[in-house]
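Enquirer: Just need the structure, nothing else, for what follows:
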Amino acid sequence: MSSLVKEDLEKKLFKPLSQNLYEFIEIEFSVQDRYYLCVSVTKNEEVKIIMVKHYRIGLDEKYEVTKKWSLNDLQMIDGKEADTDNPFFDLHFKKVYSLEAYSCASKYAFARTVNKLNHEYLKKDLQIVNFDSTYINDDSIWSSNNKDCLVLMRICFYAFNLVCLSLCPLPL
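Expert: Predicted coordinates for the structure are as follows:
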C-alpha cells in the first residue's frame, strides 16, 4: 500500500516540482483527511520537508502541500522519550511543530532519512534528541536499507535471550 502511495505522490506532486521523494510517513493531523510528512531533494540539492494533505474528489486522489520547510532551517528533532515506544515527536524550526507519526517505526524512519540527507547534503550540526541512536545512525551494526525489520529482529533477539535466561536453573 505505501509503495503505491509513494508512487502516486511522486507522479502527481514531486516530479512536477522537479523533486525526488526520499521518504514519507503518515502523520495523525486531522480526523477527516490523511496527512503525510515527506522528505525530498530538489534539483538544486536542497532538502525539503513537506507536509502534504491527501484527499479524494470522487475517485481521483489529490495531494496538496500544506507546509514546506527547508532542512537548513530545522534546528532539532525531538523524539520526546527515547526509552518509550511512542509515535510523538517535535520538529524545531523557528516554531516548534508537535506531530504524531502513524507508528514509532515510521517516526524513526523519518529521523533516519533526515539524518542521512543532512550528512549527505548539508553536513550541519542537526540535533536529534530522545531517539535511540542505535536505530538512527548508519554506522551501527544493525544498519541496512530495511532498518525497521532489523529493529524488530533485535527486539526478538533480546526477548529470546530473556526467555532463555529465565528458563536456566540457577546454581545453588
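Enquirer: Quick one: distance of the helix or strand bottoming out on mean pLDDT in the chain to the chain centre.
Expert: Taking mean pLDDT, DSSP states H and E as the measure, the chain has helix 147-167 as its least confident helix or strand, at a mean of 81. Taking C-alpha atoms, centre = their mean, to the nearest Å, the mean C-alpha location of helix 147-167 is offset from the chain mean by 23 Å.
Enquirer: Not counting sequence-adjacent ones, nearest residue to the residue positioned nearest the centre of the chain?
Expert: For the chain, the residue nearest the mean C-alpha position is Phe110 (1.4 Å; C-alpha atoms, centre = their mean). In this structure, Phe110 finds its nearest non-sequential neighbour in Ile25, 4.9 Å apart by C-beta to C-beta, 6 or more residues apart in numbering. For glycine as for every other residue, the C-beta is placed from the backbone atoms N, C-alpha and C.
Enquirer: Confirm for me that Asn86 is in contact with Ser106.
Expert: No. Under the criterion of C-beta atoms under 8 Å, Asn86 makes no contact with Ser106, lying 12.0 Å away.
Enquirer: Count the residues that sit near Asn115.
Expert: For Asn115, the count of nearby residues is 18 (other C-beta atoms under 10 Å).
Enquirer: per-residue confidence at it?
Expert: We have a pLDDT of 95 for Asn115.
Enquirer: residue contacts, it?
Expert: By C-beta atoms under 8 Å, 6 or more residues apart in numbering, the residues touching Asn115 are Leu126, Ile128, Ile136, Asn137.
Enquirer: out of those, who's nearest Ile155?
Expert: Checking the contacts of Asn115 against Ile155 with C-beta to C-beta, the nearest one is Ile136 at 16.0 Å.
Enquirer: Neighbours of that closest one, how many?
Expert: As a measure of burial, Ile136 has 20 neighbours, counting by other C-beta under 10 Å.
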